[in-house]
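# generate a structure from the sequence data that follows.
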Amino acid sequence: MPSKKAPCRCPWLDTSKEDYVRYHDEEWGVPVYDDKVMFEFLILESAQAGLSWYTVLQRREGYRKAFANFNAKKVAKFDQTKVDELVQNPAIIRHRGKIEAAIGNARVFLEIQKEFGSFSDYMWGYVNHKPIKNKIAKMEDYPATTDLSDAISKDLKKRGFKFFGSTICYAHMQACGLVNDHSQDCFRRTQVNKLAR
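You can find the predicted model right below:
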């Protein structure tokens, strides 16, 4: 029997890594409207600064356990003792600044929820509640930042966010489907387009 041809996927994906392929096929670019999932990606994306996304993705379960199953209210209450404990935790990125930023960002996240009704509404408001569909053909077509990611990260920084510059912000927008950056020949592009509200 002839072997089944693998579907076409985005050029950034290392298809030799099964867990990475699963993340691309099931999660990346899917529009997220749930604040808990948004918060999970905020923690993971800010931990990514200066590292590869795959490095963080491999530690996702470690982060889940260390950060109270991504419960923003619980994380916002973490104190200095908890920070010291997390710095010793080999299951996450042991960077004191990033750990403290995650806790501070959780507090700002809760303030934004109060102001906008949900963090999701705050983020989606920037794209008029419709995903931006970019035309990506090759690796060089992927932007690292955009005017929009500049604007969002600037506003979040003003509100007190840390480790969330424009590059990390754009990665968050891609992960949470505010932009559909699946390449034009990727089998997920059309599927993801259909999932937008």
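
# mind exporting the C-alpha coordinates of stretch 73-92 to PDB?
Below are the C-alpha coordinates for stretch 73-92, written out as PDB (Å, rounded to 0.1, in the frame of the first residue of the first chain):
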ATOM      1  CA  LYS A  73      -6.300  34.900  40.900                       C
ATOM      2  CA  LYS A  74      -4.100  32.400  42.600                       C
ATOM      3  CA  VAL A  75      -1.000  33.400  40.700                       C
ATOM      4  CA  ALA A  76      -1.600  37.100  41.600                       C
ATOM      5  CA  LYS A  77      -1.300  36.100  45.300                       C
ATOM      6  CA  PHE A  78       2.100  34.400  45.000                       C
ATOM      7  CA  ASP A  79       4.600  36.000  47.400                       C
ATOM      8  CA  GLN A  80       8.400  36.200  47.700                       C
ATOM      9  CA  THR A  81       8.600  32.800  49.400                       C
ATOM     10  CA  LYS A  82       6.700  31.300  46.400                       C
ATOM     11  CA  VAL A  83       9.100  33.100  44.000                       C
ATOM     12  CA  ASP A  84      12.100  31.600  45.800                       C
ATOM     13  CA  GLU A  85      10.500  28.200  45.600                       C
ATOM     14  CA  LEU A  86       9.800  28.600  41.800                       C
ATOM     15  CA  VAL A  87      13.400  29.700  41.100                       C
ATOM     16  CA  GLN A  88      14.400  26.200  42.300                       C
ATOM     17  CA  ASN A  89      11.900  24.400  40.100                       C
ATOM     18  CA  PRO A  90      13.600  22.500  37.300                       C
ATOM     19  CA  ALA A  91      10.300  22.000  35.500                       C
ATOM     20  CA  ILE A  92      10.100  25.600  34.400                       C
END
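
# now do that stretch: distance to the chain's middle.
With Cα atoms, centre = their mean, to the nearest Å as the basis, stretch 73-92 stands 20 Å off its chain's centre.

# and the strands in the protein?
For the chain, the strands defined by DSSP state E cover 132-133, 179-180.

# can you add mean pLDDT and give these back as a markdown table?
Below are the strands of the chain laid out as a markdown table (pLDDT from 0 to 100):
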| stretch | mean pLDDT |
| --- | --- |
| strand 132-133 | 96 |
| strand 179-180 | 98 |
